[in-house]
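J.: can you look at this prediction? I've put the sequence above it.
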Amino acid sequence: MFELLKIRKARRLSRAAIEPFLQRAPVGNLPYQAGDWRQPQIIGFLATLVTLMAQRHCGHMRSHALAAVQADVLHGVTGIGPELIGEDICLLSSREDPDFAAGARGAAAFLEAMRPRSAVDDLGEPPLAGDPTLVRLWEEHVDHCLQQRAAAR
């Protein structure tokens, strides 16, 4: 039962952290499709950010609980089915994909830039989508990849 409470809290906190950046208008007003999000760097960034948020604010969670949080949040963001997201994360991680790893490192930097570890137990307010460090990291690991993919269509 406690695991379910952790899952719910982790989902809420992860969505609160990501949502302000999704609300920003896409550069060039190119509409994004689910397939545009299915890039190793974006998946690495988002999956790692969700995992780190969950671990930071909810403590230790079993792997199936973390997987449920990742699948739910990433499905909500990208529109990609939870099974496919899970498969992509496992495959890219096991292959040690360099773009996936770059996204993961970006997520760690993003989380640190959000606020110091000791300053929060819960997000009282969502991170500012106008914070220059957060915007730069989001643009580098998400927006840039989305724009390239959408422009190639």
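T.: Nice, I can see it.
J.: ok, the residue positioned nearest the centre of the chain to Asp88 distance?
T.: The chain has Leu46 as the residue nearest its centroid, 2.1 Å off, counting by CA atoms, centre = their mean. The gap separating Leu46 from Asp88 is 11 Å, by CB to CB, to the nearest Å. Yep, even glycine has a C-beta here, placed from its N, CA and C like the rest.
J.: kindly report the same for Pro82.
T.: Pro82 is 11 Å from Asp88, where distance means CB to CB.
J.: what does Met53 give?
T.: Distance, Met53 to Asp88, using CB to CB: 19 Å.
J.: compare those two (neighbour count), which wins?
T.: Met53 (27 against 20; other CB atoms under 10 Å).
J.: list the buried residues of the longest helix seen in the chain.
T.: Criterion DSSP state H: the longest helix present in the chain is helix 2-22. For helix 2-22, a neighbour-count test (16 or more other CB atoms under 10 Å) marks 6-7, 9-18, 20-21 as buried.
J.: same check, this time on stretch 82-95
T.: Residues Pro82, Ile85, Gly86, Asp88, Ile89, Leu92, Ser93 are the ones in stretch 82-95 that count as buried (16+ other CB under 10 Å).
J.: next secondary structure after the longest helix of the chain?
T.: Once helix 2-22 ends, the next helix or strand along the chain (criterion: DSSP states H and E) is helix 40-58.
J.: so what touches the helix or strand just after that following helix?
T.: Per DSSP H and E, helix 40-58 leads on to helix 63-78 as the next helix or strand towards the C-terminus. Residues outside helix 63-78 that contact it (CB atoms under 8 Å, 6 or more residues apart in numbering) are 3, 6-7, 10-11, 14-15, 18, 22, 34, 37-38, 42-43, 46-47, 50-51, 54-55, 61, 80-83, 85-86, 89.
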